[in-house]
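1. I would like to see how this sequence folds:
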Amino acid sequence: MNEKEIAEYMRSHKIMQLATSSKNKPWICSVFYTVDNEMNLFFISNPSRRHSLEIMKNKNVACAITDSSQEVTKRKKGLQIEGTVSLVTNEREIEFALNLWNESNSGLEKIINFKNYRKKKMEDKVYKIVPKNIKIFDEEMKGTTRIIEVKK
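-> I've put the predicted structure just below:
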């Protein structure tokens, strides 16, 4: 899998598992996400959620993206990602991320949008994960497991 194929795999899924940590206590949750052309991942969450609170204390996260309908007897594929996360505060980037998120996760455009964000009708905030390492698990490629360092 090359970087283009990795980005396509990311775009072909909608939910990732996000792992955070605070005071040596790990936490994991599932979030809907989207991805830009540089393989940055964006998700939307309420800042009062445990993972959001932990992000404000520790920007290091791990994520997993896979197809949960894969059968245990078949060849499996997935991504494990290590990176850093931040709360997006730049309005242009927020608008970009919300539009991108709605393209990937249609159905809530009337609620989740930049207009509602600016009018403070949305409690949720936009978060951005910048991958540092991506582990590719791809048994379709002769059992290949490899780690690529994402240069940014």
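2. And the most centrally placed residue in the chain, how far from Thr34?
-> Here the mean C-alpha position of the chain is nearest to the C-alpha of Leu41 (CA atoms, centre = their mean), at a distance of 4.1 Å. Applying CB to CB, to the nearest Å, one obtains 7 Å for the distance of Leu41 from Thr34. In this view, the C-beta of every residue, glycine as well, is placed from N, C-alpha and C.
3. now do Ile81
-> The value you get for Ile81 to Thr34, if CB to CB is used, is 14 Å.
4. Repeat that for Pro131.
-> Pro131 sits 14 Å away from Thr34 when distances are taken as CB to CB.
5. Over to Pro26?
-> As for Pro26, its distance to Thr34 is 25 Å (criterion: CB to CB).
6. same deal with Lys59?
-> From Lys59 over to Thr34 the distance is 20 Å, taken as CB to CB.
7. what does Arg49 give?
-> Arg49 sits 18 Å away from Thr34, going by CB to CB.
8. which of these two has more neighbours?
-> For Arg49 and Thr34, the more surrounded residue by other CB atoms under 10 Å is Thr34, and the numbers stand at 21 against 15.
9. Read off the pLDDT value for the closest residue to the more buried one other than its chain neighbours.
-> Closest residue in space to Thr34, ignoring its immediate chain neighbours: Ser104 at 4.0 Å, by CB to CB, 6 or more residues apart in numbering. Listed pLDDT for Ser104 reads 92.
10. Can you give me the neighbour number for Ser104?
-> Taking other CB under 10 Å as the criterion, the count of residues near Ser104 is 15.
11. now Gln80
-> Using other CB under 10 Å, Gln80 has 18 other residues around it.
12. Am I right that it falls within a helix?
-> No - Gln80 is assigned strand when assessed by DSSP: H, G, I helix; E, B strand; the rest coil, not a helix.
13. Look up how far Glu38 lies from it.
-> Here the distance between Gln80 and Glu38 works out to 19 Å (CB to CB).
14. Flag the shaky bits of this protein, pLDDT-wise.
-> Low-confidence regions of the chain, defined by pLDDT under 70, span residues 1, 69-76, 138-152.
15. separation between the nearest residue to the residue nearest to the centre of the chain once chain neighbours are set aside and Glu103?
-> Using CB to CB, 6+ apart and skipping residues adjacent in sequence, the residue nearest Leu41 is Ile129, 4.1 Å away. Taking CB to CB as the criterion, Ile129 is separated from Glu103 by 18 Å.
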